[in-house]
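*Asks:* Just need the structure, nothing else, for what follows:
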Amino acid sequence: MTIQIRDAVRADAALILGFITELAIFEKAEHEVVATLADIEDSLFAADATARALICSIGDKTVGYAVYFFSYSTWLGRKGLYLEDLYISPEYRGAGAGKCMLGHLACLARDTACGRFEWSVLDWNEPAIQFYRSIGASAQDEWVRYRIAGDALLDFADQHARRLLNNESLVCVKASTAVPHPPTHGAC
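*Replies:* Okay, here's the model as predicted:
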């Protein structure tokens, strides 16, 4: 099956809100979701929106989403990419969709000169923690936040790009056009 990643559009707002609710249920925090459809539309798709979203599909089935934004590191004097949410529906986990989404975001971080790519994970989510370690991310001892930066970010992005070139089942889609990523430090 083909894995596709595309930028979310306003018409995806209800789908994204549904995935947010699924994620909250998984994290045992459904009661904390107060976002409405209008909130999602405004925060992700208004002209001044600072957060962005991706939609992941396998074949013709939409299976997950990611929400991210650009942050800033005073220590690096550079922007960073912060992954707020990454969610793949349980029945599609293990098919490579999560790794493809992270690879896509790693390429975005690399190509926009981000100094780091960070996210947080619940301390009880051991499968996710092991997965993040497997791609070169490391825990911040004083934080429950993961980062992939420097050579690990470049290596992961390049590995992802090479996988796209060598595997017809992985296609990243941007603006309705399938574009395989070259294995360089250029655009993914």
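
*Asks:* quick one: stretch 62-69 to chain centroid distance?
*Replies:* Relative to the centre of its chain, stretch 62-69 is centred 6 Å away, using C-alpha atoms, centre = their mean, to the nearest Å.

*Asks:* for this protein, what are the low-confidence residue spans?
*Replies:* With pLDDT under 70 as the threshold, the chain has low-confidence stretches at 143-145, 167-188.

*Asks:* what do you get if the cut-off is 90, keeping everything else the same?
*Replies:* Screening the chain residue by residue with the criterion pLDDT under 90, one finds the ranges 1, 123, 140-150, 158-188.

*Asks:* For residue 45, which non-adjacent residue is closest in space?
*Replies:* Spatial nearest neighbour of residue 45, excluding adjacent residues (C-beta to C-beta, 6 or more residues apart in numbering): residue 10 at 4.3 Å. Heads up, the C-betas are built off the backbone N, CA and C, glycines and all.

*Asks:* That neighbour contacts residue 43, doesn't it?
*Replies:* No - Residue 10 is beyond contact range of residue 43, at 11.5 Å (criterion: C-beta atoms under 8 Å).

*Asks:* ok, the two, which is more surrounded?
*Replies:* Set side by side, residue 10 and residue 43 show more neighbours around residue 43, with 17 against 11, by other C-beta atoms under 10 Å.

*Asks:* Show me what the longest helix seen in the chain is packed against.
*Replies:* Determined from DSSP state H, the single longest helix within the chain is helix 150-166. Using 3 or more C-beta pairs under 8 Å, 6 or more residues apart in numbering; DSSP states H and E as the contact criterion, the elements in contact with helix 150-166 are helix 97-111, strand 170-174.

*Asks:* Dump the ones you listed to a markdown table, plus distance to residue 119.
*Replies:* Conversion of these to a markdown table gives the following (distance: least, C-beta to C-beta, whole Å):
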| stretch | distance to residue 119 |
| --- | --- |
| helix 97-111 | 9 |
| strand 170-174 | 19 |
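
*Asks:* Kindly compare burial across those and name the winner.
*Replies:* Between the helices and strands packed on helix 150-166, the one whose residues have the most neighbours on average, counting mean count of other C-beta atoms under 10 Å, is helix 97-111 (a mean of 23).
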